[in-house]
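A.B. asks: What follows is a protein structure lacking sequence information:
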């Protein structure tokens, strides 16, 4: 009977120790680990955000898009145009003019009965018109140039 009672007391003490350790020490260690991981992740995110912000500021400075630059441009000219945007706009305008010129010459060649518009290729680059292809006579070369 004493042995049985000692066994029950030993089991009770073991269960009590297990409960105490699992409720207080184990959870606090897990909580501490989670808090450490969250802080570490937060620090990494903060560092990445600062780095991205610095890179954006550097690009804005390089493209002269900081508020001070824009205010200066507006005060001087009333416009905010950067050179690359202006160059791209000019290239698009030039390409549009070239395409219209080519289309107008092709239309005149189609309307001319003496020349074959299918045999003559028209190319316009930077305002310079180039005709190429084949015609029946040297006079047709002159007519094609006159039409162009």
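C.D. replies: Done, it's in. Here the structure is a predicted model, which is why all the values come from computation and not from measurement.
A.B. asks: hang on, residue 135 in a strand?
C.D. replies: No. The assignment for residue 135, made by DSSP: H, G, I helix; E, B strand; the rest coil, is coil rather than a strand.
A.B. asks: How is the nearest residue to it once chain neighbours are set aside assigned, secondary-structure-wise?
C.D. replies: Take residue 135 and drop its neighbours on the chain: the residue closest to it by CB to CB, 6 or more residues apart in numbering is residue 141, 5.7 Å away. Where you see a C-beta, it was placed from the backbone N, CA and C, and this is true even at glycine. Reduced to three states with three-state DSSP, the structure at residue 141 is helix.
A.B. asks: My read is that residue 141 contacts residue 133, right?
C.D. replies: No. With contacts counted by CB atoms under 8 Å, residue 141 stays clear of residue 133, the gap being 9.9 Å.
A.B. asks: State the distance from residue 92 to residue 99.
C.D. replies: Using CB to CB, to the nearest Å, one gets 11 Å for the distance from residue 92 to residue 99.
A.B. asks: Please apply the same query to residue 120.
C.D. replies: Applying CB to CB, the value for residue 120 to residue 99 is 17 Å.
A.B. asks: So between the two, which is more surrounded?
C.D. replies: Between residue 120 and residue 99, counting by other CB atoms under 10 Å, residue 120 is the more crowded of the two (21 against 11).
A.B. asks: Let me see the contact set for the residue nearest to the more buried one when sequence neighbours are not counted.
C.D. replies: Once its chain neighbours are removed from consideration, residue 120 has its nearest residue in residue 133; the separation is 4.1 Å (CB to CB, 6+ apart). Taking CB atoms under 8 Å, 6 or more residues apart in numbering as the contact definition, residue 133 lies against 119, 120, 121.
A.B. asks: For residue 13, state which of the residues you listed is nearest.
C.D. replies: Minimum separation from residue 13 among the contacts of residue 133 (CB to CB) is found for residue 121, which lies at 101.4 Å.
A.B. asks: does that closest one sit in a helix, a strand or a coil?
C.D. replies: When states are read from three-state DSSP, the local structure at residue 121 comes out as strand.
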